[in-house]
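Asks: no sequence for this one, just the structure:
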């Protein structure tokens, strides 16, 4: 598909910020959790350059929240993840792989501990609301599970601290990495976390109540004019440089956390009530794993894909799942799934791209 | 939103028929179950007229299947629906409301009984895979739940019988309404059911194995040239005329089956193991319900919406969820949710549309 026109439908929900995103000249969307998620403003390349030098406001309301609240809230969330969440501080956010009872990935949200018996799951693109509802019913848990009217708005980029300080005060800037504070702005309570799907630093503001969306957007833009604040969105180039994985592209329901490099979030000694615990115990040594890759040749457009990776005998040893030209590193950077036989740094492979066969080198680390 | 450009991504899956859909000149898509679903070929109006006079082939692979198989398959599916599925014949399909333990709608799939211990759920746009996985884990059920490589292709329109007879034989045309036969075409097994999301009659072919998608498409087009077979898709005008409801637009997770007119599928005397059974027992008398509506004034474009409905005192008494001009019935036809106080046929209301206030009349029946 060279791209397509998306028919308007309320089934694909607008966000509290959509009117402002349109006014800012959004050029393309994707659909994420049944909601519009902006993808391009100027161009992916220009958005990337601006993100790395200034500050952007991202409508990431499509990171829908699932709220799990009640005496069994911790028990339910822990069933879904091999990361031990019992150690979470009251102001902490955890990036958590979520798995089914086969130990296969269902989602990779940020879990936010709102209270001892209350969690938000800030989701990637699958209906974890339905999985949590099924578990709650099946295990007879004393919890409520629902989607609250909470919409994240990200502030990302090297000048994010400055912008946040101006609008919410210096105290908020002191927030630690993957910690949050709760602030009240004109009577509207919002959680502000130091997090976000870029390597440039910044915050995610969890707006509680759609009706204040446009006002919040305007506050940020009014305060950030001289910082060159612009509308932005998760950027494919920047996130590949940083090794931020995309659920549905780099990660699928066929993968274990170990295969997608999330083994460090598997606390198999303590998170024994995770439903995938036994399966993960038995699959700690994957035979394929995600790797950063460099691809030779002309500049590739930002893309997610399933380009076969082959060895010198032409046998399949994996695939490329995301690729792009990186202006910052002046090469084609990529993420792919590679068999154990060929996953060591320096291994040379071939990628079967739509524009021909290209040489590929397995890297040790991501770029950022 | 006046419409938007959709960024290509493998996270939004192509279908086994996508290459043919593109060749046929698809003009717009929606995203449905993380997959592309065509929305327009010539124009919605021309697609509608053709659907009513000839035969169309629809790429509805986005109606993804959940397969539930194993000794507890019937038990699991029955937990999700108030329709008694124990009476299903071995070759039968049931349209089933699916609800959570609050009796609220989660999906409205067609359930297909493939075998005594094996069901397919042909889904509307939510991840019922996740709900079923949660229930299976929570209740410790002896089932497997997964998404098989099965992609529906619909053949709809008054000449559908002719086309199906040519390609699959007269015996298949004898299939009863919401019954199916299993046929083998060039070694590929497929279920063919007399069903589909239009009132024009026709079939849904459940292609088992993506690699045969283009060949199946071509078979149908080669055989149907003189029938004026064309690529089509679910048509907003035709489905509103027929009162076919759209999950996510007319039906949401806030509704009970009774509110959306699906009370006739609630067998509360026998389907007592549905998890929503108690909640539905207590909510059999809704105070709002879906209704066909006629809207005065100039021709409306096909749209789904949330236009407030008000009474003569200006008080809200519901909303319009879908509307369009019907060329066949020469009026603006619509579907809406109306309070009990105003839901009788003949009631006169006002709709707050983006182009002004319009007079609305509640109808007794849908148009087709």
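Replies: Noted; the coordinates are in hand. If you're wondering where the values come from, they're calculated on a predicted model, not measured in any experiment. Residues are numbered from 1 along each chain as shown, chains lettered A, B, ... in the order given.
Asks: can you give me the end-to-end distance of stretch A:95-102?
Replies: The distance separating the two terminal residues of stretch A:95-102, taken as C-alpha to C-alpha, to the nearest Å, comes to 20 Å.
Asks: also stretch A:71-88?
Replies: Taking C-alpha to C-alpha, the span from the opening residue of stretch A:71-88 to its closing residue is 16 Å.
Asks: again with stretch A:180-197
Replies: Distances were taken as C-alpha to C-alpha; on that basis the terminal residues of stretch A:180-197 are 16 Å apart.
Asks: next: stretch A:226-241.
Replies: By C-alpha to C-alpha, the extent of stretch A:226-241 from end to end equals 28 Å.
Asks: can you give me the buried ones in that stretch?
Replies: A:227, A:229-241 (16 or more other C-beta atoms under 10 Å in any protein chain shown). For glycine as for every other residue, the C-beta is placed from the backbone atoms N, C-alpha and C.
Asks: which among these are in contact with chain B?
Replies: When C-beta under 8 Å from any C-beta of the partner chain is applied, no member of the buried residues of stretch A:226-241 is adjacent to chain B.
Asks: would you map out the domains in chain A?
Replies: A:18-59+A:149-240, A:65-146, A:287-368 (automatic domain parsing).
Asks: a markdown table for the ones you listed, including mean pLDDT?
Replies: Putting the domains of chain A into a markdown table (pLDDT from 0 to 100) gives the following:
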| stretch | mean pLDDT |
| --- | --- |
| domain A:18-59+A:149-240 | 97 |
| domain A:65-146 | 98 |
| domain A:287-368 | 97 |
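Asks: and these: which comes nearest residue B:91?
Replies: Each of these was scored for nearness to residue B:91 using C-beta to C-beta, and the closest is domain A:65-146 (29.1 Å).
Asks: hmm, that closest one in reach of chain B?
Replies: Yes. In this structure, domain A:65-146 sits against chain B according to C-beta under 8 Å from any C-beta; the contacting residues are A:100-101, A:106, A:125-128, A:130-140.
Asks: residue A:324: what secondary structure?
Replies: Three-state assignment for residue A:324 (DSSP: H, G, I helix; E, B strand; the rest coil): strand.
Asks: of all residues in chain A, which one is closest to chain B?
Replies: Closest approach of chain A to chain B (C-beta to the nearest C-beta) occurs at residue A:138, with a separation of 1.5 Å.
Asks: could you report the neighbour count for residue A:30?
Replies: One way to gauge burial is a neighbour count; for residue A:30, by other C-beta atoms under 10 Å in any protein chain shown, it gives 24.
Asks: no, scratch that, I was asking about residue A:215
Replies: Neighbours of residue A:215 under the rule other C-beta under 10 Å: 13.
Asks: what do you get for the one 4 residues further on?
Replies: Neighbouring residues of residue A:219 were enumerated by other C-beta under 10 Å; the total is 16.
Asks: what does residue A:249 give?
Replies: 20.
Asks: ok, now residue A:88?
Replies: The burial metric for residue A:88, expressed as a neighbour count using other C-beta under 10 Å, is 19.
Asks: I'd say it and residue A:114 touch.
Replies: No. Under the criterion of C-beta atoms under 8 Å, residue A:88 makes no contact with residue A:114, lying 10.7 Å away.
Asks: quick one: stretch A:28-48 near chain B?
Replies: Yes. Contact check for stretch A:28-48 against chain B, using C-beta under 8 Å from any C-beta: residues in range are A:28-31, A:34, A:36, A:39-40.
Asks: ranges for the helices of chain A?
Replies: Counting by DSSP state H, the segments of chain A that form helices are A:18-23, A:44-53, A:73-80, A:128-138, A:160-168, A:170-173, A:213-223, A:236-241, A:277-281.
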